[in-house]
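[1] coords below, sequence missing:
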């Protein structure tokens, strides 16, 4: 994997983590009254990041990363 590919994967992983953290706050935080539209948007974004990661890592590895990150950050 070349350097630019590694940095793109690192950027996508960071975005995936941040999106999961925001989703967790929306579902379980003090402001757990997030609208269904906001929550749907967050889940949609997770899928988009996973699709982008799949271009760099392959479908299975991207899915595994998504599931692991989701479990760690959302619960």
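    Thanks, I have it. Bear in mind that the values here come from a model prediction, so they are computed numbers and not experimental data. Numbering: from 1, shown residues only.
[2] what about residue 61, neighbour count?
    13 (other Cβ atoms under 10 Å). For every residue, glycine as well, the C-beta is placed using N, CA and C.
[3] Was I right to think residue 73 contacts residue 25?
    No. Shown here, residue 73 and residue 25 do not form a contact pair, counting by Cβ atoms under 8 Å, at 9.9 Å.
[4] shared neighbours of those two, anything?
    Taking Cβ atoms under 8 Å, 6 or more residues apart in numbering as the contact rule, residue 73 and residue 25 touch no residue in common.
[5] so which helix or strand takes in residue 48?
    Per DSSP states H and E, residue 48 falls inside helix 36-57.
[6] Which other helices and strands does that helix contact?
    Helix 36-57 is packed against helix 3-28, helix 59-73, with contacts defined by 3 or more Cβ pairs under 8 Å, 6 or more residues apart in numbering; DSSP states H and E.
[7] In this protein, where is pLDDT below threshold?
    Scanning the chain for pLDDT under 70 picks out the ranges 1, 30-34.
[8] tell me the centre residue of it?
    Centroid-nearest residue in the chain, with Cα atoms, centre = their mean: residue 16, separated by 2.7 Å.
[9] My read is that that residue contacts residue 65, right?
    Yes. Assessed by Cβ under 8 Å, residue 16 is found in contact with residue 65 at 7.2 Å.
[10] shared neighbours of the two, anything?
    Common neighbours of residue 16 and residue 65 are listed as 50, 53 (criterion: Cβ under 8 Å, 6+ apart).
[11] so what's the residue nearest to the centre of the chain up against?
    Counting by Cβ under 8 Å, 6+ apart, residue 16 makes contact with 46, 49-50, 53, 65-66, 69.
[12] redo that, cut-off 10 Å
    Taking Cβ atoms under 10 Å, 6 or more residues apart in numbering, we find residue 16 in contact with 45-46, 48-50, 52-53, 62, 65-66, 68-70, 73.
[13] All set now, cheers.
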